[in-house]
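K.L.:
predicted model and sequence follow; I will ask about them next.
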Amino acid sequence: MRRLYLPFILVPLAVTVLLLLTNLSVLADQGECEVRAVNLIGAWVDAGASKDEPFEFTAADGETKCQGTFAEDILPLFTQENVWAPNTPACKSCHFAVDKNSAHELDLSSYEGIMTGADSLSNPDNPVKIVVPGDWKNSKLRSRLRDNRMPPGMPFDVTEANRDGPVVKAGKDQAEVRAVNLIGAWVDAGAPKDEPFTFVGEDGKEHQATFQEDVLRLFTEDNIWAKNTASCKSCHFAVDKNSAHELDLSSYEGIMTGADSLSNPDNPVKIVVPGDWKNSKLRSRLRDNRMPPGMPFDVTEANRDGPVVHAGRRVSATPQAVETKPAESQEKPAAPEAVKPAEAPGSRLSELPVVVGGTGLVVLALGLAIWAVTRHKTTA
Ligand code: HEC
Ligand code: HEC
């Protein structure tokens with residue numbers, strides 16, 4: 001009877017401490033609006049990537065107008081751990097300064113660093129801009145966050161030296177060339193099916209190759225891109241619902257058709273732009289790793305834009321607010337079934353620690369009261 005108050009104190013205390021330990025990032029994630037992390041960054045960039053001015057974004061429900069700021073809503077996505085997936089380090093743990101020791105001389109810990117971009121020491125005249133203010137679609141940061149390198153299962157060990165893939169042999173004289181450079185030379189030559197095209201080998205000299213003999217096998221043979229990796233065509237085998245992204249990498253016609261041509265016959269995703277390798281999606285797929293490294297390969301259209309985070313605050317949907325919203329920030333109009341009621345279940349979930357913590361405090365107060373009463377009784 002005398003120790004009746006003990007569980008009232010110990011249980012809520014333990015629960016509160018446990019919640020604090022496991023949910024610190026959730027507690028920090030206190031904005032009012034639910035939005036995909038990559039879309040949030042996109043709205044900020046499209047609004048001009050300002051350091052201090054608030055920017056508008058549309059919540060994941062496709063309707064609610066919200067406002068955020070760089071300092072409160074964008075920067076934490078780069079400086080906090082476990083934002084992008086469980087057990088992933090913060091971006092700034094690798095990209096911490098404009099410094100040789102920081103990955104790609106990139107500083108993601110400050111506004112200035114993000115705007116400076118990568119490789120500004122090695123290449124002061126032409127640093128790699130990762131953000132194009134006003135143009136998220138062409139911002140490198142976007143594809144880094146959305147894309148996975150192909151084929152899946154490749155270790156994250158991409159450096160400038162190996163981004164272009166393994167050295168393979170091609171042409172009549174079996175000259176050495178990086179796989180991605182070989183595909184690039186073919187695309188830049190107009191992606192011919194039968195005519196030979198010229199490529200520059202690792203020896204710096206020009207050689208000739210053909211699609212049928214030298215390029216196609218990069219998609220159809222196992223272990224080309226790394227040890228123990230399946231051929232591209234093992235997953236992308238036909239223009240078929242069961243083939244990843246309805247993509248067929250086993251034939252010339254399939255490669256030229258591109259992805260999603262069944263779901264989206266009017267606007268399939270072209271992966272090769274004949275004559276323009278730089279702007280061919282296939283190139284970035286082969287060269288880029290999704291950030292942060294260590295993220296599992298389970299990218300689908302539904303989760304490419306990263307996790308749902310809570311950001312900003314709601315603004316009343318005045319007609320002006322609707323008009324000033326940049327139309328480009330939304331790639332596709334939200335599908336009707338994607339429109340959720342304003343009170344989505346996810347938002348309540350993130351309030352969980354607060355609710356449980358509050359309940360814990362109430363129970364704690366109750367325990368203290370019982371303790372005071374019993375103490376009073378025993379001492380009286
Ligand atoms: C564990 C270390 C690590 C973490 C964490 C990390 N990166 Fe990287 N990042 C790298 C390395 C190494 C490279 C260079 C390899 C490459 O080119 O793919 C790189 C390259 C990049 C590039 C390309 C720069 C260029 O010049 O092309 C961008 C952009 C980038 N990271 C953004 C991010 C973002 C955003 C995050 C957090 C979501 C992040 N990184 C987390 C290690 C990391
Ligand atoms: C183990 C199965 C698998 C293998 C092997 C594979 N892929 Fe993929 N690929 C996928 C999946 C799943 C997706 C969709 C996920 C995503 O969007 O990132 C995808 C997406 C793509 C896309 C993007 C299509 C789009 O609409 O954006 C391209 C391009 C691509 N793969 C090319 C390749 C190439 C080139 C290879 C070989 C070097 C390859 N894939 C090997 C499973 C695979």
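P.N.:
Sure, I can see it. Residues are numbered from 1 along each chain as shown. Ligands and ions are numbered 1, 2, ... in the order given.
K.L.:
nearest residue to residue 222 other than its sequence neighbours?
P.N.:
Nearest residue to residue 222 in three dimensions, chain neighbours excluded: residue 231, at 4.8 Å (CB to CB, 6 or more residues apart in numbering). (Each C-beta comes from the backbone N, C-alpha and C, glycine too.)
K.L.:
separation between the residue most central in space within the chain and ligand 1?
P.N.:
Computing the C-alpha centroid of the chain and ranking residues by CA atoms, centre = their mean puts residue 145 first, at 2.6 Å. From residue 145 across to ligand 1, the span is 6 Å (CB to the nearest ligand atom, to the nearest Å).
K.L.:
what of residue 41?
P.N.:
With CB to the nearest ligand atom as the criterion, residue 41 and ligand 1 are 9 Å apart.
K.L.:
the residue nearest to the centre of the chain and residue 306 touch, don't they?
P.N.:
Yes: the pair residue 145 and residue 306 qualifies as a contact (CB atoms under 8 Å) at a distance of 6.2 Å.
K.L.:
any shared contact partners between these two?
P.N.:
Counting by CB atoms under 8 Å, 6 or more residues apart in numbering, the shared contacts of residue 145 and residue 306 are 37, 38, 84.
K.L.:
which among those residues gets closest to ligand 2?
P.N.:
residue 38 (13.1 Å; CB to the nearest ligand atom).
K.L.:
dump the residue contacts of that closest one.
P.N.:
142, 145, 146, 304, 305, 306.
K.L.:
of those, buried ones?
P.N.:
Burial of the contacts of residue 38 was assessed by neighbour count (16 or more other CB atoms under 10 Å); the buried members are 142, 145, 146, 305, 306.
K.L.:
quick one, what contacts the last one?
P.N.:
Under the criterion of CB under 8 Å, 6+ apart, the neighbours of residue 306 are 36, 37, 38, 84, 145, 146.
K.L.:
what about 7 Å?
P.N.:
By CB atoms under 7 Å, 6 or more residues apart in numbering, the contact list for residue 306 reads 36, 37, 38, 84, 145.
K.L.:
residues in contact with stretch 117-132?
P.N.:
With CB under 7 Å, 6+ apart as the criterion, stretch 117-132 contacts 45, 49, 98, 100, 104-106, 114-116, 138-141.
K.L.:
could the residues you listed go into JSON lines alongside secondary structure and pLDDT?
P.N.:
Output for those, formatted as JSON lines (DSSP: H, G, I helix; E, B strand; the rest coil; pLDDT from 0 to 100):
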{"residue": "45", "secondary structure": "helix", "pLDDT": "96"}
{"residue": "49", "secondary structure": "coil", "pLDDT": "94"}
{"residue": "98", "secondary structure": "coil", "pLDDT": "93"}
{"residue": "100", "secondary structure": "coil", "pLDDT": "90"}
{"residue": "104", "secondary structure": "helix", "pLDDT": "89"}
{"residue": "105", "secondary structure": "helix", "pLDDT": "94"}
{"residue": "106", "secondary structure": "coil", "pLDDT": "95"}
{"residue": "114", "secondary structure": "helix", "pLDDT": "95"}
{"residue": "115", "secondary structure": "helix", "pLDDT": "95"}
{"residue": "116", "secondary structure": "helix", "pLDDT": "95"}
{"residue": "138", "secondary structure": "helix", "pLDDT": "86"}
{"residue": "139", "secondary structure": "coil", "pLDDT": "89"}
{"residue": "140", "secondary structure": "helix", "pLDDT": "86"}
{"residue": "141", "secondary structure": "helix", "pLDDT": "89"}
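K.L.:
same list (these) but as a markdown table, adding distance to ligand 2 and neighbour count.
P.N.:
Formatted as a markdown table, the contacts of stretch 117-132 follow (distance: CB to the nearest ligand atom, whole Å; neighbours: other CB atoms under 10 Å):
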| residue | distance to ligand 2 | neighbour count |
| --- | --- | --- |
| 45 | 20 | 25 |
| 49 | 25 | 22 |
| 98 | 31 | 19 |
| 100 | 32 | 8 |
| 104 | 22 | 18 |
| 105 | 28 | 22 |
| 106 | 23 | 25 |
| 114 | 24 | 24 |
| 115 | 28 | 14 |
| 116 | 29 | 19 |
| 138 | 16 | 13 |
| 139 | 17 | 21 |
| 140 | 16 | 16 |
| 141 | 17 | 22 |
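K.L.:
which among these gets closest to ligand 1?
P.N.:
Among the contacts of stretch 117-132, and counting by CB to the nearest ligand atom, the member closest to ligand 1 is residue 104, at 4.2 Å.
K.L.:
in space, what's closest to that closest one - neighbours in sequence excluded?
P.N.:
That would be residue 118: by CB to CB, 6+ apart, it lies 4.1 Å from residue 104.
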